[in-house]
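K.L.:
No sequence on hand, only this structure:
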């Protein structure tokens, strides 16, 4: 009976599911068959897969020492390919920023990721790269969040970026999440290293949305046992708010 394993092709990268009739352990390096040819990956876990196993690609075999050496050589060649691509981009005057380059394990494909403000006509670039490396060339334009995940960095919290450490899928983050958490809408405070809203705004959004129900807005006039007052601050997590009583300027908290 086929088993299903989650495989990662790089540290902190997305996990992909593959099938095999063999037993593998977490941490094993394997060769797998993908739409982009053979790839060298690391077993993350055996999983209880709910989908159609027959549709999954197979794990070809356990990686050997020779495979590891070939993989490390490919990493070096990919780094050189990135440098060459950057040089060609400069010579061709293309307005694009090359982020990464990587060969498939069987070297049947060379994939480049890049960022750009607008659409880029990279046909001449692809032709020159194909003439140099004699393999299938693909160039993918990626967004700011994907760039941060690939390049890495440190967030305002002092930790490595979440997208680089553990986020396999980057969900949408909306300005309403910052508003729900009563955060100052200052880009320097709520934007991450990528220049977009911080992914962590979504972590507690459900709790904030729940606790915000029936809570008064700051500035609202309300009646209290001590008289009418104005809400001057709100603690959403503890569901408390501070009221300034008219007249004597007394402040107190209301549950």
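P.N.:
Okay, I see it. Just so we're clear, the structure is a prediction, and the values are computed from it rather than from any experiment.
K.L.:
And residue 186, its phi and psi?
P.N.:
With angles defined as degrees, to the nearest 10, residue 186 sits at phi -100, psi 120.
K.L.:
Make 828 the starting number, not 1.
P.N.:
Happy to do that; since the first residue is 828 now, the last one works out to residue 1013.
K.L.:
Tell me the pLDDT of it.
P.N.:
pLDDT for residue 1013: 87.
K.L.:
burial of it, as a residue count?
P.N.:
By the measure other C-beta atoms under 10 Å, the count of residues near residue 1013 is 9. C-beta here means a position set from N, CA and C on the backbone, and glycine is covered the same way.
K.L.:
Give me the distance between it and residue 829.
P.N.:
Applying C-beta to C-beta, to the nearest Å, the value for residue 1013 to residue 829 is 52 Å.
K.L.:
who's in contact with the longest strand along the chain?
P.N.:
Ranked by residue count under DSSP state E, the longest strand found in the chain is strand 864-874. The contact list for strand 864-874, computed with C-beta atoms under 8 Å, 6 or more residues apart in numbering, reads 830-836, 842-844, 851-859, 887, 890, 894-895, 897-898, 901, 931-933, 935-936.
K.L.:
Check which residues of that strand are buried.
P.N.:
For strand 864-874, a neighbour-count test (16 or more other C-beta atoms under 10 Å) marks 866-870 as buried.
K.L.:
between those residues, which is nearest residue 876?
P.N.:
Lowest distance from residue 876 to these (C-beta to C-beta) belongs to residue 870, with 14.2 Å.
K.L.:
and the residue nearest to that closest one when sequence neighbours are not counted, how many residues sit next to it?
P.N.:
Of all residues not flanking residue 870 in the chain, residue 855 sits nearest, at 4.5 Å (C-beta to C-beta, 6 or more residues apart in numbering). Neighbours of residue 855 under the rule other C-beta under 10 Å: 17.
K.L.:
any idea how far residue 855 is from residue 837?
P.N.:
16 Å.
K.L.:
swap in residue 846?
P.N.:
Counting by C-beta to C-beta, the gap from residue 846 to residue 837 is 21 Å.
K.L.:
Beta-bridge partners for residue 833, please?
P.N.:
With DSSP bridges applied, residue 833 shows beta-bridge pairing to residue 844, residue 872.
K.L.:
what pLDDT does it get?
P.N.:
At residue 833, pLDDT is 92.
K.L.:
What about it, how many residues nearby?
P.N.:
Burial measure for residue 833: 19 neighbouring residues, criterion other C-beta under 10 Å.
K.L.:
sec struct for the residue nearest in space to the middle of the chain, please.
P.N.:
Nearest to the mean C-alpha position of the chain, by C-alpha atoms, centre = their mean, lies residue 990 at 3.8 Å. Following DSSP: H, G, I helix; E, B strand; the rest coil, the label given to residue 990 is helix.
K.L.:
For residue 1025, see how far away it is.
P.N.:
On the measure of C-beta to C-beta, residue 990 and residue 1025 end up 10 Å apart.
K.L.:
related to what we said a few turns ago, need the contact list for the residue nearest to the centre of the chain.
P.N.:
By C-beta under 8 Å, 6+ apart, the contact list for residue 990 reads 972, 975-976, 997, 1021, 1026.
K.L.:
What about those, which one has the most neighbours?
P.N.:
For the contacts of residue 990, the largest number of neighbours (other C-beta under 10 Å) sits with residue 976, at 24 neighbours.
K.L.:
pLDDT wise, what is residue 912 at?
P.N.:
97.
K.L.:
sorry, back to before: identify the residues contacting the residue nearest to residue 870.
P.N.:
Residues near residue 855 by C-beta under 8 Å, 6+ apart: 869-870, 889-890.
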